[in-house]
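Trainee: pasting the structure only:
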Ligand SMILES: [Mg+2]
Ligand SMILES: [Zn+2]
């Protein structure tokens with residue numbers, strides 16, 4: 001069964017976006033790189049509040065502008081069909097002792113207040129113990145490692161090709177059988193690939209939890 005959370009709290013670097021030397025990787029033209037599975041996994045979350053919470057002390061250190069930091073999230077939001085409901089960025093110095101720098105739970109509390117979120121029913125996804133600790137301190141009911149959250153996408157969405165004799169009952173049955181192998185997963189998609197010859201059909205089955 002698909003689990004219904006009240007909201008999703010995602011970390012940014014190393015969870016949604018690729019890192020380079022511990023900072024968000026950014027091309028010369030300012031483009032960020034979404035990690036594998038992020039797009040496929042965020043799109044179906046539409047209808048549930050999706051938040052991003054990130055520490056960007058590089059702003060306080062003068063290495064990153066506030067506009068660039070906000071632009072990171074705008075770029076993801078464009079790529080994932082605007083499913084991100086809201087976000088918070090802690091731009092303070094690591095030693096400022098602010099209540100928002102993770103693992104402190106300030107950003108989570110702020111978003112929960114603004115959007116009336118039941119945190120016990122929410123889930124947080126991150127890639128560091130800072131994220132895990134923040135979830136605990138905030139009282140978020142579930143914490144998942146980004147690797148595990150996106151793992152199934154990567155694992156199952158590998159190309160699975162099934163060849164069937166074209167226009168035969170046998171072919172249709174074997175395709176249905178292959179598709180039903182993933183019936184325990186809530187999201188499945190069957191995509192017809194190019195036929196390699198007149199008598200064969202090729203399907204790619206994409207499934208994710
Ligand atoms: Mg991270
Ligand atoms: Zn802060």
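Mentor: Thanks, I have it. From a predicted model like this one, the values you see are computed outputs, not experimental measurements. Numbering: from 1, shown residues only. Ligands and ions are numbered 1, 2, ... in the order given.

Trainee: Got the phi and psi for the residue nearest the centre of the chain?
Mentor: Closest residue to the average C-alpha location of the chain: residue 38 at 4.0 Å, with Cα atoms, centre = their mean. Per-residue torsions, residue 38: phi -60, psi -50 (degrees, to the nearest 10).

Trainee: With adjacent residues omitted, what lies nearest to it?
Mentor: Setting aside the residues directly before and after it, residue 38 is nearest to residue 16 in space (Cβ to Cβ, 6 or more residues apart in numbering), at 5.3 Å. Any C-beta I mention is one placed from the backbone N, CA and C, and that applies to glycine too.

Trainee: Let me see the domain layout of the protein.
Mentor: Per automatic domain parsing, the domain ranges recorded for the chain read 8-151, 157-208.

Trainee: C-terminal to the helix or strand harbouring residue 125, what's the next element?
Mentor: Using DSSP states H and E, residue 125 sits in strand 123-126. Next in sequence after strand 123-126, counting helices and strands by DSSP H and E, comes helix 129-138.

Trainee: what pairs with the helix or strand just after that next one, and is each one parallel or antiparallel?
Mentor: Downstream of helix 129-138, the first helix or strand assigned by DSSP H and E is strand 142-145. As defined by DSSP bridges, the strand partners of strand 142-145 come to strand 123-126 (parallel).

Trainee: From the rest of the structure, what touches the strand it pairs with?
Mentor: Here strand 123-126 makes contact (Cβ atoms under 8 Å, 6 or more residues apart in numbering) with 5, 7-11, 15, 108, 131-132, 134-135, 138, 140-146, 149.

Trainee: these two touch, right, residue 150 and residue 37?
Mentor: Yes: using Cβ atoms under 8 Å, residue 150 is in contact with residue 37, at 3.8 Å.

Trainee: Good, we can wrap up now.
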